[in-house]
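Novice: Show me how the following folds:
(chains A and B)
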Number of protein chains: 2
Amino acid sequence: MLREGGWQFVRCDDANSFNDWLSKDDHGFPTIGGEEPHLGSHLLVELYECDSSSLEQEYTVAAVMHQAAVDSRATVVAESFHEFQPFGVSGAVIIQESHYTIHTWPEHRYAAVDLFYCGGTVQVQRAVETLRERFKPQRMKFLIVRRGLQSEVKA
Amino acid sequence: MLREGGWQFVRCDDANSFNDWLSKDDHGFPTIGGEEPHLGSHLLVELYECDSSSLEQEYTVAAVMHQAAVDSRATVVAESFHEFQPFGVSGAVIIQESHYTIHTWPEHRYAAVDLFYCGGTVQVQRAVETLRERFKPQRMKFLIVRRGLQSEVKA
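Specialist: Numbers count the residues shown, from 1 in each chain, chains lettered A, B, ... in the order given. From the prediction side, this is the model:
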């Protein structure tokens, strides 16, 4: 855990350790001792050296993000994706518990994913697994930013 | 600027100074000396002590986010918002240059906004101004997370 200027982070560079840690809590967002209560958790995922063909088409990327939402037991309420020329897909899945977004750079075999989550029913570790299985990154990096820290919201 | 475990951040707690700094670059994303090149910039905004009535309804929140996209010269390609019971709105505006998302907690007069941006045509400082004018937060906090750092994408 890292605290910096009123922000609170959890950071991990290894997908196996991260998912082991997430799995300590049924809903994928355990807290670390000493953390301040917060309204939401925002997980930023960097996916490197992906299968580039999986990042190219709107249809494929939207299907993976939808599957990630379903696998994490989230209730999908809306979806919106867009394919860019010459490269890349951007999109969002709005779930009842918040939203998952993605932007892909197939030419760099890279994708930036955000899983923004509040409430206790989403099993976000399953979404991470789905991203890993479908985009096949060789490396991943994770950062959780806690949103709406109690001391700030009440201040 | 802060570097931590392969992540690179820019942080600011004051809306005036932050927008002064953003305005140094026409497109709202100046870099700081020594920063590593990156594919995207992801601006996390915390809005505290907002006008709570502006955070309650899907229609109002969607209108502000749409206006923020238009004001920042972004090209809107899709929008998706959802109102929760008993409180809160979640949604995303997919823009040609990436996406803007929001989740609101009117009961806490708090909103979490993300402006994810790549490419050189968006004037993100205008989006920040629109959020400030329309949600009327008494305090804001900003964190830019650089996404797809050159050394990581190429590694």
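Novice: for the helix of greatest length in chain A, packing partners?
Specialist: Longest helix of chain A, by residue count under DSSP state H: helix A:58-71. Using 3 or more CB pairs under 8 Å, 6 or more residues apart in numbering or on different chains; DSSP states H and E, the elements in contact with helix A:58-71 are strand A:76-83, strand A:89-95, strand A:98-105, helix A:124-135. Where you see a C-beta, it was placed from the backbone N, CA and C, and this is true even at glycine.
Novice: A:Tyr59: neighbouring residues, count only.
Specialist: 10 (other CB atoms under 10 Å in any protein chain shown).
Novice: what do you get for A:Pro37?
Specialist: Counted with other CB under 10 Å, A:Pro37 comes out at 11.
Novice: so what's it closest to, chain neighbours aside?
Specialist: A:Gln150 (4.3 Å; CB to CB, 6 or more residues apart in numbering or on different chains).
Novice: follow-up on the earlier one: mind putting the helices and strands packed on helix A:58-71 into CSV with mean pLDDT, mean neighbour count and distance to B:Phe9?
Specialist: Formatted as CSV, those follow (pLDDT from 0 to 100; neighbours: other CB atoms under 10 Å in any protein chain shown; distance: least, CB to CB, whole Å):
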stretch, mean pLDDT, mean neighbour count, distance to B:Phe9
strand A:76-83, 89, 18, 27
strand A:89-95, 91, 27, 22
strand A:98-105, 93, 27, 18
helix A:124-135, 94, 21, 22
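Novice: any chance of these in JSON lines, with distance to B:His42 too?
Specialist: Shown next, in JSON lines, are the helices and strands packed on helix A:58-71 (distance: least, CB to CB, whole Å):
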{"stretch": "strand A:76-83", "distance to B:His42": "18"}
{"stretch": "strand A:89-95", "distance to B:His42": "12"}
{"stretch": "strand A:98-105", "distance to B:His42": "9"}
{"stretch": "helix A:124-135", "distance to B:His42": "17"}
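Novice: would you list these in a markdown table and tack on distance to chain B?
Specialist: Compiled in a markdown table, the helices and strands packed on helix A:58-71 are given as follows (distance: least, CB to the nearest CB, whole Å):
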| stretch | distance to chain B |
| --- | --- |
| strand A:76-83 | 4 |
| strand A:89-95 | 4 |
| strand A:98-105 | 6 |
| helix A:124-135 | 14 |
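Novice: Out of the ones you listed, which is closest to B:Ile144?
Specialist: Using CB to CB as the measure, strand A:98-105 is the one of the helices and strands packed on helix A:58-71 that comes nearest B:Ile144, at 15.3 Å.
Novice: Just after that closest one, pick out the following helix or strand.
Specialist: Heading C-terminal from strand A:98-105, the first helix or strand you meet, by DSSP states H and E, is strand A:110-117.
Novice: so what does that next one touch, helix or strand wise?
Specialist: strand A:38-48, strand A:98-105, helix A:124-135, strand B:38-48, strand B:98-105, strand B:110-117, strand B:139-149.
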